[in-house]
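> All I have is the shape, not the residue letters:
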């Protein structure tokens, strides 16, 4: 990553642990959202688990800064990661914690799906849609005038938003819910960009390969032509010898 | 299909029968939905016909499992078909029966429309739109607070959904109706994918053909060069003979 | 058109007249819609003009049938034109008269804009949007519960529909208005198809030209190789002569 | 620009000044919109600043006309610029002043982002979205029945509009606000066009380069063939000499 061998080594060591933690986080967060009337001490334990994992992701970020050769440059190029990590400290933006988790899972998914665009897109859409439904429900449930108050509503809202149909029978009314909606829309557009870029680079790859094949063929031709020239020059050299021989000795 | 010769033979034998049954199913289902006040015994007979055909599709699935060499692998790779077949057993998901039927008709349509993307897309959109209108009307008609209560409403809703305009003057409020909406949106996106993939493969096909043409031309050139080299080598061989002759006998 | 020389000759003769009539029709229709409180006899005269031009388009269709070599085949392949011409006879579908007119203007625009996709698309969108605004206002204005009652509303509705934003603050409630909306959505999708097809064929055209250029270059190479072979064969022939000469007479 | 060297020189001299003025304009306009209860004399000073910069842009247009060789042709091909400059004179279209400013900033952005489509698109979307939020808030705030009355509402409306989701919970009700919405939709479509055109021209550029590479390779082959022919002709010439020599003197 950015030519930082120590960070890459760290990545290889913690990658699977972070993925596993992200899955646990997601499960705990889903439980928390879907069962809001959970009795104590369950609710507190779940909240502690979710907050704990979020802190682990924060520590991972700090370790990366520590390992980076050019610390300030690293922070500068990872400002977005920092924002996503720090923003959920504000109670109102708690739901953004899932973005950190999503980005880890998404990386894992992309590594697994290398070259299988359809699989990656379907997986990403399902993951992002599920998480957005949870987050918007978490944000909206208790807001006055909210239209998204059950998980069914949240999934239906996610569906009408991702397809850009937008009936308007359900929509977020809180600031936090609108931030989730914005993240969902941006994620949708980014995915479309990934698909377009994949198709585009597939074309150009095909074009490049066709060009290389033609170049190789022509190189073969040039090789054969070289052989022809060599034979001809040999002939001319013999002709020289012949002419020298035949010149009558004085 | 999946290198299963016995299933392919079965396919060839029952393909047209299943298509005909699907058409009959669609007609009976449409009648059922559009004439909800039908007197007995008509209503019961229609319901029996619709359920009967659905059972035939289920038997077809069982026969395929029976014919498969690797039974569990077949079931594993056809879980979606199974789900679509089993889910309508729940009264609330009855409308999903049409998906099984649609997929048979769609396969027929694709075989007929091979290479004619426009024809296939228009046909698919018309078929899916008609069936979605029926299914959403079936699901919504008697729901409290429903906004889709006539076939005209249902067609209008389908149109605003497929075009992603989504005014929000009509939208499904029941679980079943929302499942129909989700299927409609996914079908729309899948169709877009088919069109994009068709255009993409058309490009690459063109590219491949251009590459093959160039490769053939260059092969011709190499053939000619071979002839040139042969002539040259013949010349050099004669030159050898000439030189040998002219060397003065000692 | 369809290899019908007599229809093509008719086309060349009446093309400009039909275009001019379509423009007059559009102006009269716009006046009719935008000034609904026009005093007599103005209203009756405008209605007569609009209906008269629509009848002329009908006569043009009959003449084409008369000129066609294979009458029934012509009718068969122009069923859509027939439907668009006959449907406005039903008072409720009066607004569909504009489609006939639009298709004539659109053809003219396409001929003028050959190869200038941007110009054609912008022109088509403006034309279709203007006509759809008129038609939907005509259909909705006096309907109970209508939300589109002024030309400003109609233009705003057209804009939110064509962009597929669809806020839902304005939407048609009459059957006629919904048919206009459907036509507008289909026209939008068709335009997108035209643009996609233009870009696709532009690529393939570029590809074809690159291929032709390469084929010509290789033909030059083959020509040169032919010259090389001719020279070589001449050399070999001389060599034959040389050898024949030098063979000692017995 | 249009082969007008004097206008190009003027452009080079004032480009940065105009960009700076546009930034100042945007900041002042944002302040004006976001703090509507500003006490005097601040409000008057800001209004004077905004109007003053707008007049400077008007003078820039007049200078360009003065520098143009073919004055009327210049006015003819810049009618859109003129409209955007003159329309804000009508109090109701005041918000359109920002379009002039946007177009200057957009030009600067495009020059800076040459070849970095993603950067340009993200920058443009952020700039246009911010300005549209300001303009729609300015237009709607005091309208009766308006649903966009805070900057948060305006940003949320912009987001649902640009993504074409269009829930319909917020939408402009004034003429000025609808003009802003129309401009936003057109800008979105235009941006999509820029992206499509970029990808398309990137393909064709790749194709052209592959074609040039092949043409160069084939030129090399032709060069080698030329050498082969030269050698062969030399051989034939020597053969002529040989034959002439060997003809027995009579």
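Done, it's in. Keep in mind the model is a prediction, meaning the values are calculated, not measured. Numbers count the residues shown, from 1 in each chain, chains lettered A, B, ... in the order given.

> So residue A:155 sits against residue A:132, correct?
No: with contact defined as Cβ atoms under 8 Å, residue A:155 does not reach residue A:132; the gap is 9.4 Å. All C-beta atoms are positioned from the backbone trio N, CA, C, and that covers glycine.

> who's more crowded, these two?
residue A:132 (26 against 20; other Cβ atoms under 10 Å in any protein chain shown).

> right, and the more buried one touches residue A:184 too?
Yes: counting by Cβ under 8 Å, residue A:184 is a contact partner of residue A:132 at 4.6 Å.

> anything in contact with each of these two?
Here residue A:132 and residue A:184 have residue A:158 as joint contacts, going by Cβ atoms under 8 Å, 6 or more residues apart in numbering or on different chains.

> which residue ranges form the helices in chain A?
Using DSSP state H, the helices of chain A run over residues A:5-34, A:42-67, A:71-77, A:79-86, A:97-112, A:117-140, A:151-162, A:175-246.

> Figure out which of those is closest to residue D:189.
Closest approach to residue D:189 among the helices of chain A is made by helix A:175-246 (14.6 Å; Cβ to Cβ).

> will you turn the helices of chain A into a markdown table that also has mean pLDDT?
Formatted as a markdown table, the helices of chain A follow (pLDDT from 0 to 100):
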| stretch | mean pLDDT |
| --- | --- |
| helix A:5-34 | 85 |
| helix A:42-67 | 86 |
| helix A:71-77 | 78 |
| helix A:79-86 | 74 |
| helix A:97-112 | 72 |
| helix A:117-140 | 85 |
| helix A:151-162 | 93 |
| helix A:175-246 | 80 |
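
> Output those helices as a markdown table; include the columns distance to residue C:168.
Shown next, in a markdown table, are the helices of chain A (distance: least, Cβ to Cβ, whole Å):
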| stretch | distance to residue C:168 |
| --- | --- |
| helix A:5-34 | 29 |
| helix A:42-67 | 37 |
| helix A:71-77 | 43 |
| helix A:79-86 | 33 |
| helix A:97-112 | 30 |
| helix A:117-140 | 20 |
| helix A:151-162 | 12 |
| helix A:175-246 | 17 |
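
> most tightly surrounded among those?
Greatest average neighbour count among these goes to helix A:151-162 (a mean of 22), per mean count of other Cβ atoms under 10 Å in any protein chain shown.

> Show me what that one is packed against.
When contacts are defined as 3 or more Cβ pairs under 8 Å, 6 or more residues apart in numbering or on different chains; DSSP states H and E, helix A:151-162 packs onto helix A:117-140, helix A:175-246, helix B:175-246.

> What are the contacting residues of that helix?
By Cβ under 8 Å, 6+ apart, the list of residues contacting helix A:151-162 reads A:33-34, A:125, A:129, A:132-134, A:136-137, A:140, A:147-148, A:166-167, A:169-172, A:181, A:184-185, A:188, B:166, B:175, B:178, B:181-182, B:185, D:165.

> Thought residue B:237 was touching residue A:238, still the case?
No: applying Cβ under 8 Å, one finds residue A:238 not in contact with residue B:237, separated by 11.6 Å.

> How about the residues of chain A by chain B?
For chain A, the contact set with chain B under Cβ under 8 Å from any Cβ of the partner chain comprises A:118, A:152, A:156, A:159-160, A:163-169, A:199, A:202-203, A:206-207, A:210, A:213-214, A:217-218, A:220-221, A:224-225, A:227-228, A:231-232, A:234-235, A:238, A:241-242, A:245.

> got the contact list for the spatially most central residue of chain A?
The centre of chain A sits closest to residue A:107, judged by Cα atoms, centre = their mean, with a distance of 5.2 Å. Applying Cβ under 8 Å, 6+ apart to residue A:107 gives no contacts.

> ok, now how distant is it from residue D:191?
29 Å (Cβ to Cβ, to the nearest Å).

> what comes into contact with stretch A:61-78?
A:2, A:4, A:6, A:7, A:10, A:81, A:82, A:85.

> Now for the residues you listed: which two are most distant?
Across the contacts of stretch A:61-78, no pair lies farther apart than A:6 and A:85, at 20.4 Å, counting by Cβ to Cβ.

> so how far is stretch A:7-26 from its chain's centroid?
Here stretch A:7-26 is found 15 Å from its chain centre; the criterion is Cα atoms, centre = their mean, to the nearest Å.

> again with stretch A:162-181
The answer for stretch A:162-181 is 24 Å, by Cα atoms, centre = their mean.

> What distance do you get for the closest residue to residue A:202 other than its chain neighbours to chain D?
Counting by Cβ to Cβ, 6 or more residues apart in numbering or on different chains, residue A:202 lies nearest to residue B:200, which is 7.4 Å off, once chain neighbours are set aside. Applying Cβ to the nearest Cβ, to the nearest Å, the value for residue B:200 to chain D is 12 Å.

> ok, now which ones touch residue B:200?
With Cβ under 8 Å, 6+ apart, residue B:200 has these contacts: A:199, A:202, A:203.

> wait, which of these is closest to residue C:39?
When the contacts of residue B:200 are ranked by distance to residue C:39 (Cβ to Cβ), residue A:199 comes first, at 60.5 Å.

> you'd agree the closest one is up against residue B:196?
Yes: the pair residue A:199 and residue B:196 passes the contact test of Cβ under 8 Å, sitting 7.1 Å apart.

> Which neighbours do the two have in common?
Common neighbours of residue A:199 and residue B:196 (Cβ under 8 Å, 6+ apart) do not exist.

> re the thing from before, same list, the helices and strands packed on helix A:151-162, but as CSV with distance to residue D:45 please.
Putting the helices and strands packed on helix A:151-162 into CSV (distance: least, Cβ to Cβ, whole Å) gives the following:
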stretch, distance to residue D:45
helix A:117-140, 41
helix A:175-246, 33
helix B:175-246, 52
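
> So which of those is nearest residue C:100?
Per Cβ to Cβ, nearest to residue C:100 of the helices and strands packed on helix A:151-162: helix B:175-246, 29.0 Å.

> tilt between the closest one and helix B:151-162?
40 degrees (axes from the mean of the first three to the mean of the last three Cα atoms, to 10 degrees).

> Run the chain-centre distance for helix B:175-246.
Using Cα atoms, centre = their mean, the offset of helix B:175-246 from its chain centre is 28 Å.

> same question, stretch A:129-148
Relative to the centre of its chain, stretch A:129-148 is centred 25 Å away, using Cα atoms, centre = their mean.
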